[in-house]
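In: A predicted structure for the sequence below; I have some questions about it.
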Amino acid sequence: MNIETIRYYERIGLVPKPPRSSGGRRLYGPEDVKRLAFVRRSRELGFSLDEIRTLLALADRGSRAEVHGLTMRHIEDVRRKIVDLKKLEGVLVALAKECHSGRQRLCPIIDVLFAEP
């Protein structure tokens, strides 16, 4: 994990600021490393920072039912994104076919990217 990312997580209170050596270097213990790994893995799974904060609080309390509820909501978000990504894939495939065919002077992909939102 990038040091700037770790510092950001410290600033927003997602992970505690570790003690420092006499030379000012951060001293991370096994629990700090475990928590950072939890945050990294949660981000890889698409959880937002607020959701990760909630998961960490729930982990401290041992509330499996609440973790399950949050996870089920996250699954629904993932499913919505999958539907959107499949639609996006279809549009991009169609544009790529038009661009590849060479029937038009300009590539429609370029036209779409230059278009105003």
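Out: Okay, I see it.
In: which of the helices and strands in the chain ranks last by mean pLDDT?
Out: Using mean pLDDT, DSSP states H and E, helix 108-114 stands out as the lowest-scoring helix or strand of the chain, at a mean of 75.
In: that one - contacts with which helices or strands?
Out: Packing contacts for helix 108-114, counted by 3 or more CB pairs under 8 Å, 6 or more residues apart in numbering; DSSP states H and E, involve helix 64-101. The C-beta positions use only the backbone N, C-alpha and C, and glycine is treated the same way.
In: circling back: could you pull out the buried residues of the least confident helix or strand of the chain?
Out: By 16 or more other CB atoms under 10 Å, helix 108-114 has no buried positions at all.
In: contacting residues around it?
Out: Applying CB atoms under 8 Å, 6 or more residues apart in numbering, the contact partners of helix 108-114 are 92, 95-96, 98-99.
In: out of those residues, flag the one nearest to Lys81.
Out: Nearest to Lys81 among these, counting by CB to CB, is Leu92 at 15.7 Å.
In: so how far is Lys87 from the residue nearest to the closest one when sequence neighbours are not counted?
Out: Once flanking residues are discounted, Leu92 sits nearest to Ile109: 7.9 Å by CB to CB, 6 or more residues apart in numbering. Using CB to CB, to the nearest Å, one obtains 16 Å as the distance from Ile109 to Lys87.
In: just the mean pLDDT for stretch 83-100, thanks.
Out: Averaged across stretch 83-100, the pLDDT comes to 86.
In: outside of that stretch, which residues touch it?
Out: Under the criterion CB under 8 Å, 6+ apart, residues 104, 107-110, 112 lie in contact with stretch 83-100.
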